[in-house]
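>>> Below are the sequence and a predicted model for it; my questions follow.
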Amino acid sequence: MASLLLLPDSDKPKLVGIARLAAEGESLREGHNVEYFTLPVRSLLNRCTTARMPFTWTINPYRGCEFACKYCYARYTHEFMEMRNGVDFERKIYVKQHASDLLRYELRQVRPGEEIAIGTATDPYQPAERRYEVTRAILEELALHQGLEVGIVSKSTLILRDVDVLKQLAQHNRLFINLTITTLNADVARILEPRAPRPDLRLDAVRKLNQAGLAAGVICAPVVPGITDSPRDLEALVRATAEAGGKYIFANPLFLKPCSAAIFLPFLEKEFPHLVESYRQRFQERAFLPKAYRTRISQLMAKLRGKYRIVNAYERYSQSTHPPIASEAQLKLF
């Protein structure tokens, strides 16, 4: 965006759609090398038109995410605003305005059985939410309705702030809360997910949510080859999920879109140089890991769920066909 300022007005590319709205956003404040901007969106509820997805609607209260996860697949969403530097995704956070007002009218489009997924591209409880409370306002609006199916995915313990409104929402709607935990190793988590809460704190949030009578489980995604995918590490996470009362746990392997690889591969060179060559070979011509790897992880997780007796809960909440919110791989288009 800075380069555009150097062009004469007549030579500047004409911005349209979300790029124009982003350019017109007002700066709210700065902190921790992060800038916050308003985003005057025209719609909050987005229809998912891909048949393979297990939800019909998505809501992302923010654009960009401060947690700065090195593997994040959603960095490309800033490209819609003509921001090509992958780091902008974690440093320029856009706060959607009038979210609950927009949602009030848009919910008329939602039909029975159509799931609304909150947090498919950016974390709805990232640090910005503590100040701007966009997610809470959305939940308060949803709680005024009945018969909805809502799934939330987050890495943040800030979700505990909203237990009161989450319980109200769950009274007359189906609500599933998913805490993403990639590893129990706090040191590894800190370099993979620099600004996200520690994994033990996320597990404690799972415990407290379930104690409050809410259906909460764990997403282990992405599973990162050579870093978080050892059977011992995955078993430790499944066991901890069971001990925390998690209703389900599922896992999906890493995939790397080009914009994500541009951040992740330099990270590997610095932190895990011995893995760089294997990653280059694995992802040279594809974004996804081979089917054999995905099958191995799936079979291992099924075995571990059985061992720690969370299989029945998983099947009940997944309705036998898919988890209550999309997996990391399924969310690649959002």
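Alright, I've got the coordinates.

>>> can you give me the helices in the protein?
Here the chain has its helices, by DSSP state H, at 17-23, 88-91, 99-106, 127-132, 134-142, 163-171, 186-192, 199-211, 231-243, 258-271, 276-283, 291-307, 311-318.

>>> distance between the shortest one and the chain's centre?
Relative to its chain's centre, helix 88-91 lies at 15 Å (C-alpha atoms, centre = their mean, to the nearest Å).

>>> next one: the fourth one
Computed by C-alpha atoms, centre = their mean, the chain-centroid distance of helix 127-132 equals 16 Å.

>>> residues making contact with that helix?
By C-beta atoms under 8 Å, 6 or more residues apart in numbering, the residues outside helix 127-132 that reach it are 28, 32, 34, 36, 61-62, 66, 93, 95, 134-136, 156, 158, 195. Placement of C-beta: from N, CA and C, glycine included.

>>> if we go to 6 Å?
Applying C-beta atoms under 6 Å, 6 or more residues apart in numbering, the contact partners of helix 127-132 are 62, 66, 93, 95, 135.

>>> Residue 64 is in contact with the third one, correct?
Yes - the pair residue 93 and residue 64 passes the contact test of C-beta atoms under 6 Å, sitting 4.3 Å apart.

>>> Comparing those two, which residue is more hemmed in?
residue 64 (30 against 23; other C-beta atoms under 10 Å).

>>> Residue 270: how many residues sit nearby?
By other C-beta under 10 Å, 9 other residues sit near residue 270.

>>> again, but for residue 214
Neighbour number of residue 214 under other C-beta under 10 Å is 20.

>>> Report pLDDT for it.
At residue 214, the model reports a pLDDT of 97.

>>> residue contacts, residue 152?
118, 119, 177.

>>> again, only using 10 Å
By C-beta atoms under 10 Å, 6 or more residues apart in numbering, the residues touching residue 152 are 59, 116-119, 124-125, 135, 139, 159, 162, 166, 169, 175-179, 214, 216, 324-325.

>>> ok, now residue 231?
With C-beta under 10 Å, 6+ apart, residue 231 has these contacts: 296, 297, 300, 303, 304.

>>> can you rerun that using 7 Å?
Neighbour list for residue 231: residue 300 [criterion: C-beta atoms under 7 Å, 6 or more residues apart in numbering].

>>> Mind pulling up the pLDDT for it?
pLDDT, residue 231: 98.

>>> how close does it get to residue 218?
Distance, residue 231 to residue 218, using C-beta to C-beta, to the nearest Å: 17 Å.

>>> Correct me if wrong: residue 197 contacts residue 156.
Yes - Residue 197 lies in contact with residue 156 (C-beta atoms under 7 Å); the separation is 6.0 Å.

>>> Who has more neighbours out of these two?
residue 156 (24 against 20).

>>> on that earlier part again, which among the helices of the chain is found nearest to residue 70?
Shortest distance between residue 70 and those, using C-beta to C-beta, is found for helix 258-271: 4.5 Å.

>>> how about the helices of the chain in TSV, adding distance to residue 73?
As requested, the helices of the chain are exported to TSV (distance: least, C-beta to C-beta, whole Å):
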stretch	distance to residue 73
helix 17-23	19
helix 88-91	11
helix 99-106	23
helix 127-132	20
helix 134-142	20
helix 163-171	26
helix 186-192	14
helix 199-211	19
helix 231-243	20
helix 258-271	5
helix 276-283	13
helix 291-307	15
helix 311-318	22
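
>>> Please identify which of those is closest to residue 79.
Short answer: helix 258-271, nearest of the helices of the chain by C-beta to C-beta, at 6.9 Å.

>>> List the contacts of the nearest residue to residue 139 once chain neighbours are set aside.
Using C-beta to C-beta, 6 or more residues apart in numbering and skipping the chain neighbours, the partner closest in space to residue 139 is residue 165 (4.8 Å). Residue 165 is in contact with 136, 139, 140, 143, counting by C-beta under 7 Å, 6+ apart.

>>> likewise residue 150?
With contact taken as C-beta under 7 Å, 6+ apart, residue 150 is in contact with 116, 118, 142, 169, 173, 175.

>>> can you rerun that using 10 Å?
Contacts of residue 150 by C-beta under 10 Å, 6+ apart are 55, 57, 59, 115-118, 138-139, 142-143, 166, 169-170, 173-177, 324-325.

>>> burial count for the nearest residue to residue 77 once chain neighbours are set aside?
Among residues not flanking residue 77 along the chain, residue 121 sits closest, at 5.4 Å (C-beta to C-beta, 6+ apart). Residue 121: 25 surrounding residues under other C-beta under 10 Å.

>>> I figured residue 121 was touching residue 48, is that so?
No - contact between residue 121 and residue 48 fails when scored by C-beta atoms under 10 Å: they sit 11.7 Å apart.

>>> Residue 218: how many residues sit nearby?
26.

>>> Quick check, pLDDT for it.
Taking residue 218 on its own, its pLDDT is 96.

>>> Show me what it is bridged to.
residue 179, residue 249 (DSSP bridges).

>>> hang on, it packs against residue 210?
No - contact between residue 218 and residue 210 fails when scored by C-beta under 10 Å: they sit 11.1 Å apart.

>>> Would you mind listing the residues touching both of those two?
With C-beta under 10 Å, 6+ apart, residue 218 and residue 210 have common neighbours 244, 246, 247.
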